[in-house]
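*Asks:* Give me a 3D structure for the following:
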Amino acid sequence: MSFQAYLDNIQTKTGKTAEDFKKLATQKGFLEKGELKDSVKATQIVQWLKDDYELGHGHAMAMFAYFRGKRE
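*Replies:* Model prediction:
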């Protein structure tokens, strides 16, 4: 599955785009000025997305990668 397919599936499941999740992550304190804080670990992001949005591990990791700057 391509990276974009992961993002598309996340949007289909949640109704939220990757940019929506970026805003939510900023509100949660995981991002600052659009950048992932150094102190934030993948496990924190994954657990948040699993608990609040019922994403699977792979999809949650795709969002973590997005927060780290991956776009393709």
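
*Asks:* And the helices in the chain?
*Replies:* Assigned by DSSP state H, the helices in the chain fall at 3-14, 18-28, 42-53, 57-67.

*Asks:* Just the angle for the last one relative to helix 42-53, thanks.
*Replies:* Translated: helix 57-67. Counting by axes from the mean of the first three to the mean of the last three CA atoms, to 10 degrees, helix 57-67 lies at 120 degrees to helix 42-53.

*Asks:* name the helices or strands packed onto helix 57-67?
*Replies:* Where contact means 3 or more CB pairs under 8 Å, 6 or more residues apart in numbering; DSSP states H and E, helix 57-67 is packed against helix 3-14, helix 18-28, helix 42-53. No exception for glycine: its C-beta is placed from N, CA and C like everyone else's.

*Asks:* again with the third one
*Replies:* With contacts defined as 3+ CB pairs under 8 Å, 6+ apart, the packing partners of helix 42-53 are helix 18-28, helix 57-67.

*Asks:* same deal with the first one?
*Replies:* Helix 3-14 makes packing contacts with helix 18-28, helix 57-67 when contacts are defined by 3+ CB pairs under 8 Å, 6+ apart.

*Asks:* Quick one, which of the ones you listed gets closest to Glu35.
*Replies:* helix 57-67 (8.5 Å; CB to CB).

*Asks:* Quick test: name the residue nearest the centre of this structure.
*Replies:* Taking CA atoms, centre = their mean, the centroid of the chain lies closest to Met63, which sits 2.7 Å from it.

*Asks:* list the contacts for it?
*Replies:* Ile10, Ala18, Phe21, Ile45, Leu49, Leu55 (CB atoms under 8 Å, 6 or more residues apart in numbering).

*Asks:* for the residue lying closest to the first one once chain neighbours are set aside, what are its contacts?
*Replies:* So that's Ile10. With CB to CB, 6 or more residues apart in numbering as the criterion, Ile10 has its nearest non-adjacent residue at 5.3 Å, and that residue is His59. Neighbour list for His59: Tyr6, Asn9, Ile10, Lys13, Leu49 [criterion: CB under 8 Å, 6+ apart].
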